[in-house]
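Novice: Provided below are the primary sequence and the corresponding predicted coordinates.
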Amino acid sequence: MDNLTHTLAGVLIGETVSRLAPQDRAGLPPPQRRDLLVALSAVCSNLPDADLLYTFAAGSKLGYLSQHRGYTHTIVGIALAAALAILVVELVMRWRGQRPARPDRAAIVAAVGLSLALHLVLDFTNNYGVHPFWPVDNRWVYGDAVFIVEPLLWVCAAPLLFLQRTFIARGLLAAVLIAAVALSFGTRWMLPASGAGLSVLLASLLYAGWKGSARTALTCAAGAWLAVTAMFFVAGGLAGDRIAREVAGRHPGASLLDRVLSPMPANPLCWNVIVVTLEADRYALRRAVVSVGPAVLAARDCPDRTLDEAATAPMRPIAAQPGAAVRWLDEYVVGKAEFPRIVQAYCEAAVFMHFARAPWLASRDGRWIVGDLRYDREPQLGFAEVELAEPSRACSGARPPWIEPRRDVLAPAR
């Protein structure tokens, strides 16, 4: 998820813990305790993304792709980060002469632990994925349910506006809510109906925060967040089932390896899907738009038209098919033997495959390019496309331990 969403989740956790956790009169003063818990939760909710520092230090696109959402996005990494954060807070409080009581320390542990854990859960919900069980299980897991920047989740934080104690905090949160509405009506990714629905939710949550108690505001914010997330997970399950039936009908001999799903922002009806299949000796990627409510909104009327534009991958159009539920767009088909051959020859390709869930290969100007169709939205090289240098089995950096998402296409043909 984006860091704004992580921060809002952290503020929600901090506000909740500060009001629900037991207090001791001999401990920290309530305003000081509340400010500490909210600030600490907001920081810790972003702390796992500290891996960006060493991915940027790696100085290469491949380093970023192979290491972002790396060790800090695991249960082990979160436990270490929690211990470090709690230690730092304890040292700072001692340096300031503050004397927290046992309930204060328990609240700090709860706020830190919940914020870090929720970061991992939120990152799981989209199609980028995480591998939380390293080093016991190094497989990627994907939620395929929530768009990576979801304005509906920003709006869920609206009741918190009335709990902020400073003008700056209220102003920043108000700016986020205004941005959510602006995005709803100002981009080609969203229908006006989605913006209208988001605006109704915003007004309802603002009213609840204005008229209700602090606990009512927190309950409404947390309840709305959970309801929005559950709505997308249910709709994603329906989209996945529908596309699986479509593949079985159109390609009866194909083995469905994966279906990569991503909803359109603030729109649980429309889903962008990448289907990964093996068909005899061929490996195929196909893109489609799926509507889980075709009687309400047909797939051809879903708003995201960036998929109709040229991609870096050598895609070829799929002839239009009748039907309101699925709109097939284009496909990439290559011999299954190509991937093992290139991965064995190029170390960069082997490293890339530890990240790529929908990989493709292409030759341009005498050089091979490897990419991931999940993030291919432009004809030039994007952040998930790597041009391979000279063939070499030796890498300048170590391969990450994550199991390749498409290990099923890497075994050499017999």
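Specialist: Received it, and whenever you're ready, just let me know what you need. Numbering: from 1, shown residues only.
Novice: mind listing what's buried in the strand ranked longest in the chain?
Specialist: Ranked by residue count under DSSP state E, the longest strand found in the chain is strand 267-279. Residues of strand 267-279 classed as buried by neighbour count (16 or more other CB atoms under 10 Å): 267-278. From N, CA and C alone the C-beta is placed, and that goes for glycine too.
Novice: Assign S115 to helix, strand or coil.
Specialist: With DSSP: H, G, I helix; E, B strand; the rest coil as the basis, S115 sits in helix.
Novice: what's around it, how many residues?
Specialist: S115 is flanked by 32 other residues according to other CB atoms under 10 Å.
Novice: With L20 instead?
Specialist: Per other CB under 10 Å, the neighbour tally for L20 reads 11.
Novice: I'd say L122 and L8 touch.
Specialist: No. Judged on CB atoms under 8 Å, L122 makes no contact with L8 at a distance of 10.3 Å.
Novice: Contacts only, for the closest residue to A235 other than its chain neighbours.
Specialist: Nearest residue to A235, sequence neighbours excluded (CB to CB, 6 or more residues apart in numbering): P268, at 3.9 Å. P268 makes contacts with 231-232, 234-235, 292, as judged by CB atoms under 8 Å, 6 or more residues apart in numbering.
Novice: ChimeraX command for the buried members of these?
Specialist: What follows is the ChimeraX syntax selecting those of the contacts of P268 that are buried according to 16+ other CB under 10 Å:
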select :232,235,292
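Novice: List the ones among the contacts of P268 that fall in helices.
Specialist: Among the contacts of P268, DSSP state H puts 231-232, 234-235 in helices.
Novice: which of those residues sit farthest apart?
Specialist: Between any two of those, the greatest separation by CB to CB is 7.4 Å, found for F232 and V234.
Novice: Relative to S204, which of the buried residues of strand 267-279 is nearest.
Specialist: After measuring these against S204 - CB to CB - the closest member comes out as P268, at 17.7 Å.
Novice: Distance check, that closest one against A362.
Specialist: According to CB to CB, to the nearest Å, P268 stands 34 Å off from A362.
Novice: likewise G212?
Specialist: G212 is 56 Å from A362, where distance means CB to CB.
Novice: now I78
Specialist: Counting by CB to CB, the gap from I78 to A362 is 38 Å.
Novice: Looking at these two, which one has more neighbours?
Specialist: Using other CB under 10 Å, the more surrounded residue of I78 and A362 is I78, with 22 against 16.
Novice: Let's verify that one: helix, strand, or coil?
Specialist: Three-state assignment for I78 (three-state DSSP): helix.
Novice: Let me see the contact set for it.
Specialist: When the contact criterion is CB under 8 Å, 6+ apart, the partners of I78 are 48, 72, 116-117, 119-120.
Novice: Same question for R327.
Specialist: By CB under 8 Å, 6+ apart, the residues touching R327 are 288-290, 299-300, 302, 320-321.
Novice: Could you rerun that using 7 Å?
Specialist: Residues in contact with R327, defined by CB atoms under 7 Å, 6 or more residues apart in numbering, are 288-289, 299-300.
Novice: how does the protein divide up, domain by domain?
Specialist: Domain assignment for the chain by automatic domain parsing gives 3-234, 239-335, 338-409.
Novice: Dump the ones you listed into JSON lines; add mean pLDDT as well.
Specialist: Converted to JSON lines, the domains of the chain look like this (pLDDT from 0 to 100):
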{"stretch": "domain 3-234", "mean pLDDT": "92"}
{"stretch": "domain 239-335", "mean pLDDT": "91"}
{"stretch": "domain 338-409", "mean pLDDT": "87"}
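Novice: in the stretch 301-414 of the chain, which spans are strands?
Specialist: Per DSSP state E, counting those that start in this stretch, the stretch 301-414 of the chain has strands spanning 316-317, 326-335, 359-364, 367-372, 385-387. These are given in chain order.
Novice: Direction-wise, compare the second one with strand 367-372 and give the angle.
Specialist: Angle of strand 326-335 versus strand 367-372, following axes from the mean of the first three to the mean of the last three CA atoms, to 10 degrees, is 140 degrees.
Novice: likewise the third one?
Specialist: With the same axes, to 10 degrees defining the directions, strand 359-364 sits at 150 degrees from strand 367-372.
Novice: quick one: which of the contacts of R327 sit in strands?
Specialist: Judged by DSSP E, the contacts of R327 include 288-289 as members of strands.
Novice: ok, back up a step: what are the pairing partners of the longest strand of the chain, and which direction each?
Specialist: Strand 267-279 pairs in its sheet with strand 255-264 (antiparallel), strand 282-291 (antiparallel), by DSSP bridges.
Novice: Pick the most deeply packed of these.
Specialist: Among these, strand 282-291 has the highest mean neighbour count (mean count of other CB atoms under 10 Å), at a mean of 23.
Novice: Export only the CA atoms of that one, formatted as PDB.
Specialist: Extracted C-alpha coordinates of strand 282-291, given in PDB (Å, rounded to 0.1, in the frame of the first residue of the first chain):
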ATOM      1  CA  ARG A 282       3.600 -22.800 -24.700                       C
ATOM      2  CA  TYR A 283       3.500 -20.200 -21.900                       C
ATOM      3  CA  ALA A 284       0.800 -17.500 -22.200                       C
ATOM      4  CA  LEU A 285      -0.200 -14.300 -20.500                       C
ATOM      5  CA  ARG A 286      -3.600 -12.800 -21.300                       C
ATOM      6  CA  ARG A 287      -5.100  -9.500 -20.000                       C
ATOM      7  CA  ALA A 288      -8.800  -8.900 -19.500                       C
ATOM      8  CA  VAL A 289     -11.200  -6.700 -17.700                       C
ATOM      9  CA  VAL A 290     -13.800  -8.500 -15.600                       C
ATOM     10  CA  SER A 291     -17.100  -7.100 -14.200                       C
END
